[in-house]
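[1] Whatever this is, show me its structure:
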Amino acid sequence: MPRSALTLPRLHVVTDDSVLALPDFPVRAGEVLTSGAAAVALHLRGAAVSGGALHALGMELLEVAARSGALLVINDRVDVAMALAAEAVHLGARSLPASRVRRLVAPGVLVGVSIHGPGEVASEDPVDYLFAGPVYPTASHPGGPGRGAGWLTRMVEVHAGTPVVAIGGITPARVGEVMGAGAAGVAAIRGVWQATDPGAAVACYLEAMTGSDHE
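    Model prediction:
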């Protein structure tokens with residue numbers, strides 16, 4: 001049964017080219033998918049990876065995701081997402097417009113978009129969720145300041161009705177602040193992939209989110 005934005009995972013673990021180049025990446029990715037189960041989404045993102053390589057990797061991880069109940073998201077590469085019949089595709093600044101992608105993908109496929117400020121996505125755009133950031137300083141945007149929890153709250157208010165996932169420098173210790181600012185979930189890169197045990201890191205993030213629910 002297709003997912004909906006109402007069942008969007010709360011933790012989004014995103015790759016980059018350095019992560020995909022890890023010799024044990026498939027094993028580590030499997031740990032992320034099985035540890036988080038339905039509460040985690042794994043985003044395959046890699047600008048330097050060929051479509052064929054990304055498709056092969058996606059085929060392998062789709063099987064793990066199907067067994068665990070996790071969500072596999074293909075970032076930027078709409079063609080690969082369609083070839084895999086993936087449940088979700090995530091769009092960045094250089095991707096096709098969400099309106100065009102919505103017409104291309106199958107009904108029920110989740111479409112997410114990254115934003116860095118208000119006005120980048122119109123209320124009528126067919127988007128299921130948003131990534132908003134960077135909330136805190138991050139190596140992904142070297143030299144750039146974090147926008148802060150107050151900015152995140154404004155993004156949530158501007159895009160009321162669309163789940164907003166916080167991204168950028170978010171550690172488990174910061175989860176409570178971003179969830180308190182109205183985020184529907186958090187995204188992590190280094191906080192998971194640089195951990196000795198990525199499965200344990202996922203559990204740590206999820207525990208922090210559970211704790212924030214009771215604050």
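
[2] can you tell me which residues contact Gly191?
    Residues near Gly191 by Cβ atoms under 8 Å, 6 or more residues apart in numbering: 170-172, 201, 205. For the C-beta atoms, the positions are set from N, CA and C on the backbone; glycine is no exception.

[3] So which of those belong to strands?
    Nothing among those maps onto strands, per DSSP state E.

[4] Farthest pair within those residues?
    Using Cβ to Cβ, the pair of these lying farthest apart is Ile170 and Ala201, separated by 12.2 Å.

[5] So which other helices or strands are in contact with the helix ranked longest in the chain?
    Longest helix in the chain by number of residues (criterion: DSSP state H): helix 51-68. Packed against helix 51-68 by the contact rule (3 or more Cβ pairs under 8 Å, 6 or more residues apart in numbering; DSSP states H and E) you find helix 25-36, strand 40-44, strand 71-75, helix 78-84.

[6] Ser95 is nearest to which of the ones you listed?
    helix 78-84 (7.2 Å).

[7] Return the set of buried residues in the closest one.
    78, 80-84 (16 or more other Cβ atoms under 10 Å).

[8] Ala122 is nearest to which of the helices and strands packed on helix 51-68?
    Closest to Ala122 of those, according to Cβ to Cβ: helix 78-84, at 19.7 Å.

[9] More neighbours: Ile170 and Ala201, which one.
    More crowded of Ile170 and Ala201, by other Cβ atoms under 10 Å: Ile170, with 27 against 23.

[10] for that one, what are its contacts?
    By Cβ under 8 Å, 6+ apart, the neighbours of Ile170 are 135-136, 178, 186-188, 191.

[11] same deal with Ala39?
    9-11, 206.

[12] Show me those that map onto helices.
    Using DSSP H, the contacts of Ala39 in helices are Leu206.

[13] Among the contacts of Ala39, which are located in strands?
    Leu11.

[14] so which pair among the contacts of Ala39 is furthest apart in space?
    Once Cβ to Cβ is applied, the contacts of Ala39 give Pro9 and Leu206 as the farthest pair, at 9.8 Å.

[15] out of the two, which sits in the more crowded spot?
    Pro9 (24 against 21).

[16] Spit out the contact partners of the residue lying closest to Gly146 once chain neighbours are set aside.
    Nearest non-adjacent residue to Gly146, counting by Cβ to Cβ, 6 or more residues apart in numbering: Tyr136, 3.8 Å away. For Tyr136, the contact set (Cβ under 8 Å, 6+ apart) comprises 146, 148, 168-170, 174.
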